[in-house]
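Undergrad: Need a 3D model of the following:
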Amino acid sequence: MKATRIQLATGLGYNVLEWDGGGDTTFVLVHGYTDLAFGWCEVAPRLAERGHVIAPDLRGHGDSDRIGPGGYYHFMDYVADLDSVIAQLARTRVVLVGHSMGGSISGYYAGTRPERLAGLVLVEGLGPPDLSASDGPTRTAGWIDAWRSARDKVKTMPSLDEAVRRLKRHDDLLDDALARRLAEAGTRAVGDGFVWKHDPLHATFGPYPYRLDTARRYWERVTCPVVCVDGAKSRLNLPAAERAARRASFKDCRHLELDAGHAVQRHQPQQLADAIVALT
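TA: Next up, the predicted model:
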């Protein structure tokens, strides 16, 4: 594994982890909300036995740039970043894999550049509940108010042990050794302890509600084979009927459920890697 620093067409500097396997296939791994590229550390080496692997830290995550003053993290910003990452680093055939928020980003990208992908894997990545009927003005007001306090609420953790504890509190299937590795990769030292690397602005919710009808328009343009992977023990996924209805938006989609929680890549890395490789 090596870390590569690239400058994107969108103006940001991105940190990208790379495993240099042979062949013409690049597996592009897109992490989820407040995670980072190293979160794929158990899956990527397995995929590198079959091809080239890249995993970017998304903007405002890990060691990639944060947005400047006045900016925000909109979903289509991530899509534009991903387009630049793939254009610069990927080989001829691209299999795109997205987890959770990264799945939403990957789905949008796949509909935007359908000709670029040989396969798409969405790991618990079919989006949140449809909020198109929610009160837009109320949401916008909350978003504006959240700006005032987002960065003031950052709390320093006294030790890496505390970071490990917090990771395991949100993922009771995460083993101690991997939790330690993720805590080390996902934090940075400050004067009196450690803080998470991601921009605290991610703790706010965006001004625009999630619209399923918009997501469907992207999914319907996807032409490559799709695998949707769910964790049987996940507490963060949609009801089964809703997931099935969303999968039906893809022309060629297979469903796979693994014995895992929401973070399938942590709990069943070999099975997930096998499912990804099957698309090649």
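
Undergrad: Just give me the neighbour total for residue 206.
TA: Residue 206 has 15 neighbouring residues, counting by other Cβ atoms under 10 Å. For the C-beta atoms, the positions are set from N, CA and C on the backbone; glycine is no exception.

Undergrad: my guess is residue 88 contacts residue 5, does it?
TA: No: with contacts counted by Cβ atoms under 8 Å, residue 88 stays clear of residue 5, the gap being 11.3 Å.

Undergrad: Where does pLDDT dip in this structure?
TA: For the chain, no stretch has pLDDT under 70.

Undergrad: Which elements pack onto the longest helix anywhere in the chain?
TA: As far as residue count goes, and with DSSP state H defining each element, the longest helix of the chain is helix 75-89. Secondary structure elements in contact with helix 75-89, counted by 3 or more Cβ pairs under 8 Å, 6 or more residues apart in numbering; DSSP states H and E, are strand 2-7, strand 13-19, strand 25-30, strand 52-56, helix 101-112.

Undergrad: Neighbour count: residue 88 and residue 5, which is higher?
TA: Legend: neighbour count by other Cβ under 10 Å for residue 88 and residue 5, higher for residue 88 (15 against 10).

Undergrad: distance of the more buried one from residue 70?
TA: 27 Å (Cβ to Cβ, to the nearest Å).

Undergrad: quick one, domains of this protein?
TA: When the chain is parsed with automatic domain parsing, its domains come out as 2-128+210-277, 136-200.

Undergrad: With respect to burial, which of those scores highest?
TA: Neighbour counts (mean count of other Cβ atoms under 10 Å) averaged over each of the domains of the chain peak at domain 2-128+210-277, with a mean of 20.

Undergrad: Report the distance from it to the chain centre.
TA: Mean C-alpha position of domain 2-128+210-277 versus that of the full chain (Cα atoms, centre = their mean, to the nearest Å) differs by 6 Å.

Undergrad: mind checking the end-to-end distance for it?
TA: For domain 2-128+210-277, the separation between the terminal residues is 22 Å (Cα to Cα, to the nearest Å).

Undergrad: Over to stretch 212-231?
TA: With Cα to Cα as the measure, the ends of stretch 212-231 fall 22 Å from one another.

Undergrad: what does stretch 27-44 give?
TA: Distance between the boundary residues of stretch 27-44 (Cα to Cα) amounts to 9 Å.

Undergrad: same check, this time on stretch 61-68
TA: Here the two ends of stretch 61-68 are set 14 Å apart, with distance taken as Cα to Cα.

Undergrad: next SSE after whichever helix or strand residue 139 is part of?
TA: According to DSSP states H and E, residue 139 maps onto helix 136-147. Remark: after helix 136-147, the chain's next helix or strand is helix 160-170, criterion DSSP H and E.

Undergrad: Can I get that following helix in CSV, CA atoms only?
TA: Listed next in CSV are the C-alpha coordinates belonging to helix 160-170 (Å, rounded to 0.1, in the frame of the first residue of the first chain):
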residue,chain,number,x,y,z
LEU,A,160,-6.4,6.5,21.3
ASP,A,161,-8.1,4.1,23.7
GLU,A,162,-11.0,6.5,23.8
ALA,A,163,-11.1,6.6,20.0
VAL,A,164,-11.2,2.8,20.0
ARG,A,165,-14.0,2.8,22.5
ARG,A,166,-16.1,5.2,20.4
LEU,A,167,-15.6,3.1,17.3
LYS,A,168,-16.7,0.0,19.1
ARG,A,169,-19.7,1.8,20.6
HIS,A,170,-21.0,2.4,17.2
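
Undergrad: Counting by contacts, list what that helix packs against.
TA: In terms of contact count using 3+ Cβ pairs under 8 Å, 6+ apart, helix 160-170 is assigned the packing partners helix 176-186, strand 193-196.

Undergrad: Tabulate these (CSV), appending distance to residue 84.
TA: Written out in CSV, the entries for the helices and strands packed on helix 160-170 read as follows (distance: least, Cβ to Cβ, whole Å):
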stretch, distance to residue 84
helix 176-186, 23
strand 193-196, 25
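
Undergrad: Appreciated, that's everything.
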